[in-house]
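Enquirer: 3D model of this:
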Amino acid sequence: MITLTLLHPVQSTPVQSWSFEHESVIRVGRSTDNQVILYSAVVSRHHVELRCTNGQWEIVSLGANGTYVDGKRVVRVPVQHGMVFRLARSGPNLQVQILPAAKTVVAHPTGSDTRSIVPPPPPPLRPIAPLRSKDGSDHPMEQSAADQFTRLVDDEEETTASLTEDGDAKAEATSGDQSVSDEQLFDLTTGQPIKVLQTIGAYQVLKELGRGDTGITYLGWCNGQTVVLKTLNAEWLAQPEALKQFEHQSQILRGLNHPGIPRELAWLTCDRQPYRVMEMIYGQSLADQVAQQGPLPTAEAIAYALEVCDILDYLHSQPEPVIHGDIQPKHLIRRSVLRSGQSITLIDWGTVRPLGWQPDRYFSGIGYMAPDFQEKQISPLSDLYALGTTLAFLLSGTDPSQFYSHAEKGYRFYPEELSGLSAEMVNVIRKLTEPSPQDRYQSVREVAQALRQII
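Expert: Here you go, the predicted structure:
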């Protein structure tokens, strides 16, 4: 396997990576028909090719501005593991790594079963840039601030730069109203922000990503790291219970540490305005992947589902079990750069609550939601139900609301109506989506074991 890593122009730290296992030619440049697309004024449409002949990789320069290795312009040069080459004299630096494909082992929390329930993840998606806005908005939140467990941000997801592979080669945020536009935010030579809107503590605000009914989201930068900053708007700041819940969500996430969960980096207050500082995740949602490529092969869908099982196993095994509450394909992001071997990240943590939380209203994914929500009796098994309906979408490409009907078992989700599924997969999804929680799998590890038996 060969991996190309874009390096920060100042710190030389990894910014973004592309991995290839089967290609013999890898093209790099500005044009959208390249495998690695880099938007820079000094990069040619087809700037460089990496070619593998008889097991030996070489760099072939095609761009008008040249390709440089160790400060010297090259036309054709053998590739060595770890070498760095630059596109044009002042352009971006790429590092090359040539490694055999390795199996992934994902660590579990201390004291838990150390056996990984995650198979080796599929290859990371092909990243494409620049980033472009996508319309969207928050849903209205509950109006009662007296309820301690009111959902504060009803449909505000963790910001991800979703890197699409369509004909326009656009990259957009999966998080509704939060996106990074195609404007250049950093100087390619110095790596410093070109324009700073304001400074919040140690963070420089580069762009407003979204403004919804409940809050505002910004793209921030500090010491070479891009982050997401979220805050409440003035209306909700005036409600003490809303402010309390906003901080409570941050506290829960700061206590979690798993490669499939976005990192909550900090909580800060500036001029009496609270801010949550979160990791920026680059990738593509599984909803977008299915929309672009169609239903997933069974093995790929199971691989993703097993990674979600690992995340849920971690959440549900906390001393006070944590329920995500809104699992669906648009909240599952396939990272462009793996984190500790994990390719899937679970986002939209506006619903995260400890065990015992009882919702007062429905959330964004009605077709994915367990009947437990209507009965206000949610538990970790509610997350398992949503995993079942999510699997149904990944394998069919159809919203799961289309498979609810009145039949021999009453009104429920009927996976038998999905075409092309094996009997084993139908049985797994059916048990996941049993209306009564006691009829479902009783733990996420049971689900993982059942899925492994299919592949």
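
Enquirer: how close does Leu4 sit to Leu38?
Expert: According to CB to CB, to the nearest Å, Leu4 and Leu38 sit 10 Å apart. (Each C-beta comes from the backbone N, C-alpha and C, glycine too.)

Enquirer: identify the contacts common to those two.
Expert: Val28 (CB atoms under 8 Å, 6 or more residues apart in numbering).

Enquirer: which one's more surrounded, the two?
Expert: Leu38 (22 against 19; other CB atoms under 10 Å).

Enquirer: and the next helix or strand past the strand or helix carrying Thr231?
Expert: According to DSSP states H and E, Thr231 maps onto strand 225-232. The helix or strand immediately downstream of strand 225-232 is helix 234-237, counting by DSSP H and E.

Enquirer: contacts for that following helix, please.
Expert: Contacts of helix 234-237 (CB under 8 Å, 6+ apart): Leu152, Thr214, Gly215, Ala242, Leu243, Phe246, Gln273, Pro274.

Enquirer: do stretch 266-276 as well
Expert: 200-201, 229-232, 237, 243, 246-247, 249-251, 254, 264, 277.

Enquirer: can you select the buried ones from those residues in PyMOL?
Expert: To isolate the buried ones among the contacts of stretch 266-276 in PyMOL, judged by 16 or more other CB atoms under 10 Å, type:
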select buried, resi 200+229+230+231+232+237+243+246+249+250+264+277
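
Enquirer: so which pair among the contacts of stretch 266-276 is furthest apart in space?
Expert: Greatest spacing in the contacts of stretch 266-276, by CB to CB: Leu237 and Arg254 (20.9 Å).

Enquirer: quick one: list the elements packing against the helix or strand where Ala299 lies.
Expert: Using DSSP H and E, Ala299 sits within helix 298-316. Secondary-structure packing of helix 298-316 (3 or more CB pairs under 8 Å, 6 or more residues apart in numbering; DSSP states H and E): strand 322-323, strand 332-339, strand 342-346, helix 380-396, helix 444-452.

Enquirer: any idea how far stretch 74-93 is from the middle of the chain?
Expert: With CA atoms, centre = their mean, to the nearest Å as the basis, stretch 74-93 stands 30 Å off its chain's centre.

Enquirer: also stretch 71-90?
Expert: Worked out by CA atoms, centre = their mean, stretch 71-90 lies 32 Å from the chain centre.

Enquirer: span of that stretch from start to end?
Expert: 10 Å (CA to CA, to the nearest Å).

Enquirer: buried ones in it?
Expert: Quick answer for stretch 71-90 (16+ other CB under 10 Å): Val77, Val79, Met83, Phe85, Arg86, Leu87, Ala88.

Enquirer: mean confidence for the strand holding Thr231?
Expert: For strand 225-232, mean pLDDT is 88.

Enquirer: which secondary structure elements does that strand sit against?
Expert: Where contact means 3+ CB pairs under 8 Å, 6+ apart, strand 225-232 is packed against strand 203-211, strand 215-222, helix 240-254, strand 273-279.

Enquirer: what's the second one packed up against?
Expert: The reference is to strand 215-222. Right, strand 215-222 is packed against strand 203-211, strand 225-232 by 3+ CB pairs under 8 Å, 6+ apart.

Enquirer: reformat the helices and strands packed on strand 225-232 as TSV; add distance to Leu332.
Expert: As requested, the helices and strands packed on strand 225-232 are exported to TSV (distance: least, CB to CB, whole Å):
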stretch	distance to Leu332
strand 203-211	20
strand 215-222	20
helix 240-254	17
strand 273-279	16
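
Enquirer: can those go into a markdown table with extra columns for mean pLDDT and distance to Val48?
Expert: Below are the helices and strands packed on strand 225-232 laid out as a markdown table (pLDDT from 0 to 100; distance: least, CB to CB, whole Å):
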| stretch | mean pLDDT | distance to Val48 |
| --- | --- | --- |
| strand 203-211 | 90 | 29 |
| strand 215-222 | 89 | 28 |
| helix 240-254 | 87 | 41 |
| strand 273-279 | 92 | 31 |
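
Enquirer: deepest-packed of the ones you listed, please.
Expert: strand 215-222 (a mean of 24; mean count of other CB atoms under 10 Å).

Enquirer: partner strands of it and their direction?
Expert: Strands adjacent to strand 215-222 in the sheet, as given by DSSP bridges, are strand 203-211 (antiparallel), strand 225-232 (antiparallel).

Enquirer: could I get these in CSV, plus columns for distance to Asp310?
Expert: Output for the strands paired with strand 215-222, formatted as CSV (distance: least, CB to CB, whole Å):
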stretch, distance to Asp310
strand 203-211, 29
strand 225-232, 24
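
Enquirer: between the ones you listed, which one is closest to Glu58.
Expert: Comparing those by CB to CB, strand 225-232 comes nearest, at 33.3 Å.

Enquirer: contact partners for the closest residue to Met280 other than its chain neighbours?
Expert: In space, Met280 comes closest to Thr226 once its chain neighbours are excluded; the distance is 4.9 Å by CB to CB, 6 or more residues apart in numbering. The neighbourhood of Thr226, defined by CB under 8 Å, 6+ apart, consists of Leu206, Leu219, Gly220, Met280.

Enquirer: repeat for Leu265
Expert: So Leu265 contacts Val227, Val277, Met278, Glu279 (CB under 8 Å, 6+ apart).

Enquirer: isn't the last one right up against Val227?
Expert: This points to Glu279. Yes. Assessed by CB atoms under 8 Å, Glu279 is found in contact with Val227 at 6.8 Å.

Enquirer: how much space between Val79 and Asn65?
Expert: Counting by CB to CB, the gap from Val79 to Asn65 is 20 Å.

Enquirer: with Leu265 instead?
Expert: 37 Å.

Enquirer: Leu229 too?
Expert: 36 Å.

Enquirer: give the buried residues for the helix holding Ala299.
Expert: Result for helix 298-316 [16+ other CB under 10 Å]: buried residues 298, 300-316.

Enquirer: who's the residue nearest to Asp33 when sequence neighbours are not counted bridged to?
Expert: Spatial nearest neighbour of Asp33, chain neighbours left out: Arg27 (7.4 Å); criterion: CB to CB, 6+ apart. Arg27 has these beta-bridge partners by DSSP bridges: Glu49.
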